[in-house]
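> can't give you the sequence, but here's the structure:
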C-alpha cells in the first residue's frame with residue numbers, strides 16, 4: 001500500500017503511532033474511505049489469543065471517527081468465552097483484509113468516546129480499542 005496517497009493528517013497520525021507504540025503499524029488496505037491499519041501488538045483480553053488486528057480508521061482521521069476492528073480469530077474474554085458484542089464473523093467489512101486472515105468484524109463505534117482533535121490522538125484510539133476488547 002502506497003501510504004503517500006493518504007491525506008497528510010492521516011500520515012502524521014500513522015507516524016506518531018509508529019513512534020510511540022506500534023513500530024510495525026501499517027495500512028494494509030483502503031476501502032470506501034476507510035484505511036485498515038494493522039497493529040501487531042494490539043493486546044487481547046485472553047493471553048492465549050494472537051495479538052494484532054486491523055483498526056478501521058477513516059482516511060479523514062482525525063476529522064472522522066474510527067469505526068470497527070477486524071481480527072483473524074474471534075476475540076475472547078479473560079475467562080475464555082467469546083466476545084459477542086457487535087461481532088460479525090466473515091462480514092463484508094473483512095473483505096479488504098480477508099486475504100491476510102481478516103475474518104471477524106467488530107462494529108464498535110466511537111460514539112460517546114472522547115473527541116478526536118489531533119492526529120496524535122491515534123494513540124488514545126488504540127488504547128480505547130484495547131479497553132473495549134477487555135470489556136468484551
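Sure, I can see it. Only a predicted model underlies this, so the values are computations on that prediction, with no experimental measurement involved. Residues are numbered from 1 along each chain as shown.
> Would you mind confirming that residue 12 makes contact with residue 119?
Yes - with contact defined as CB atoms under 8 Å, residue 12 reaches residue 119; the gap is 4.0 Å. From N, CA and C alone the C-beta is placed, and that goes for glycine too.
> Give me the more crowded residue out of the two.
residue 119 (20 against 17; other CB atoms under 10 Å).
> show me what contacts the more buried one?
Applying CB atoms under 8 Å, 6 or more residues apart in numbering, we find residue 119 in contact with 9-10, 12-13, 16, 61-62.
> Also residue 16?
Here residue 16 is in contact with 119-120, 122-123 (CB under 8 Å, 6+ apart).
> again, only using 10 Å
22, 25, 118-123 (CB atoms under 10 Å, 6 or more residues apart in numbering).
> again, but for residue 130
Residue 130 makes contacts with 39, 41-45, 53, as judged by CB under 10 Å, 6+ apart.
> sec struct for it, please.
helix (DSSP: H, G, I helix; E, B strand; the rest coil).
> Read off the pLDDT value for the residue of the chain most remote from its centre.
The centre of the chain is farthest from one residue, residue 79, which by CA atoms, centre = their mean lies 23.0 Å away. Looking at residue 79, its pLDDT is 80.
> could you measure it against residue 71, distance?
Separation of residue 79 from residue 71 (CB to CB, to the nearest Å) stands at 18 Å.
> What strand or helix carries the residue nearest the centre of the chain?
Nearest residue to the geometric centre of the chain (CA atoms, centre = their mean): residue 55, 1.3 Å. Assigned by DSSP states H and E, residue 55 belongs to strand 53-58.
> For that strand, which strands pair with it and how are they oriented?
Its sheet considered, strand 53-58 pairs with strand 34-39 (antiparallel), strand 67-71 (antiparallel) by DSSP bridges.
> Mean neighbour count and mean pLDDT added to those, as CSV?
Putting the strands paired with strand 53-58 into CSV (neighbours: other CB atoms under 10 Å; pLDDT from 0 to 100) gives the following:
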stretch, mean neighbour count, mean pLDDT
strand 34-39, 23, 97
strand 67-71, 23, 95
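> Alright, calling it a day.
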